[in-house]
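Visitor: this one's structure only:
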């Protein structure tokens, strides 16, 4: 990865930056690549919304499914960081059935891609 861009300092800054990046696949990938997973719980604290969490999870899982070896470890760390955000559980409660089904499909695809990469010895390469 290239040098990290400045991590947003607040949930409001994070949400604004994510909404800007989420409109473009390349910008979204760059944003995800530069996230500091360990800082997510501090930055997002009590401000993580359901829609932002859903779009973040969908983007990370899709990236894992598409290229598990390229940034696989980083994307897994982002998922772990998101899960440590205090509002994570509450934000997921607001997902619709359709959103949950979409995330389950992306999860299954990411797991399959990671398993294939691990079997082929390319994870983390």
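Guide: It's in. Values in this document were obtained by computation on a predicted structure and should not be read as measured data.

Visitor: Residue 24: neighbour count?
Guide: By other CB atoms under 10 Å, the residues close to residue 24 number 11. Heads up, the C-betas are built off the backbone N, CA and C, glycines and all.

Visitor: Can you check which helix is longest in this structure?
Guide: Scanning the chain for the helix with the most residues, using DSSP state H, yields helix 97-119.

Visitor: any idea how far that helix is from the chain center?
Guide: Here helix 97-119 shows a centroid-to-chain-centroid distance of 13 Å under the convention CA atoms, centre = their mean, to the nearest Å.

Visitor: Same question for the worst-scoring helix or strand of the chain on mean pLDDT: list its buried residues.
Guide: In the chain, the helix or strand scored least confidently by mean pLDDT, DSSP states H and E is helix 25-34, which has a mean of 87. Across helix 25-34, burial judged by 16 or more other CB atoms under 10 Å covers 28-29, 31-34.

Visitor: Show me what the helix or strand just after that helix is packed against.
Guide: On the C-terminal side of helix 25-34, the nearest following helix or strand under DSSP states H and E is helix 40-44. Helix 40-44 sits against helix 11-22, helix 72-83, with contacts defined as 3 or more CB pairs under 8 Å, 6 or more residues apart in numbering; DSSP states H and E.
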